[in-house]
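K.L.:
Have a look; sequence and predicted model below, questions after that.
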Amino acid sequence: MSNKLKRKKGRAGRPEELKKALMFDRDVYDDNAGLIYSRLMSVTIWGLILSALALGLINSGIADISKWDTFGKVLFYAVVVLFGIPSIFIFPTAFFLKQGKIRLYKESFIEIYGDRIIYQKVPRITGNNITYEPMVVTGIKSVEAGRYSYLVTGEVLNGNTGKTSGSVKIPNAFEDMDSLKGFVR
């Protein structure tokens, strides 16, 4: 664990000990926050396979579409046009979105102190430059666990801009996310 995770200055300048640091966990991400991307990819891969197989059979001369009956032609076009062509766009989009989120979440982490949570969010990575956006949550009123994210309600301060809000969504992609529920007073 790095020194920046070990100690932070608390109130009145006294050091405040870090109770726990939650790091990115790929298995948690795949089961929760990244589940939608995995499901899209698992469905659309079959559209790519069926379309490639159908077009390969036609182009190789094994299947002659001109000799097919009307039902066969309609079924073929339905598979290729309604399932295959959208799959060509959906599969790579879901794949790259999932990998982009993983890249951002790998650099993000959550620090848990005695009375506050700091979510070190990474909104973007440009080349080798990582931009952190610390979201400091104090006075936690509720922690609602969802399938894709946790909604933490309390006094939220954006460390970069100084703006405050009433809640922050933390993606369900970090180890031991249930430990956030212990903060509700």
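P.N.:
Cool, got the structure.
K.L.:
Contacts for stretch 42-55, please.
P.N.:
63, 76, 79-80, 83-88, 90-91, 94 (CB atoms under 8 Å, 6 or more residues apart in numbering). No exception for glycine: its C-beta is placed from N, CA and C like everyone else's.
K.L.:
Could you double-check that Y29 sits in contact with M177?
P.N.:
No - counting by CB atoms under 8 Å, Y29 sits too far from M177 to count as a contact (10.7 Å).
K.L.:
Pull the contacting residues for the residue in the chain sticking out farthest from the centre.
P.N.:
Distance from the centre of the chain peaks at K67, with 47.7 Å (CA atoms, centre = their mean). Not one residue lies near K67 by CB under 8 Å, 6+ apart.
K.L.:
Check the average confidence over the biggest strand by length in the chain, would you?
P.N.:
Ranked by residue count under DSSP state E, the longest strand found in the chain is strand 129-145. Strand 129-145 comes out with an average pLDDT of 92.
K.L.:
Neighbouring strands - and their directions - for it?
P.N.:
In the sheet, strand 129-145 lines up against strand 116-126 (antiparallel), strand 149-158 (antiparallel) (DSSP bridges).
K.L.:
Any buried residues in it, and which?
P.N.:
135-137, 140, 143 (16 or more other CB atoms under 10 Å).
K.L.:
quick one: that strand to chain centroid distance?
P.N.:
16 Å (CA atoms, centre = their mean, to the nearest Å).
K.L.:
Verify the stated contact: E133 with S108.
P.N.:
No - using CB under 8 Å, E133 is not in contact with S108, being 9.2 Å away.
K.L.:
who touches both of those two?
P.N.:
With CB under 8 Å, 6+ apart, E133 and S108 have common neighbours 120-122.
K.L.:
just to revisit the earlier point, between all of the buried residues of strand 129-145, which two are at the greatest distance?
P.N.:
V136 and V143 (15.3 Å; CB to CB).
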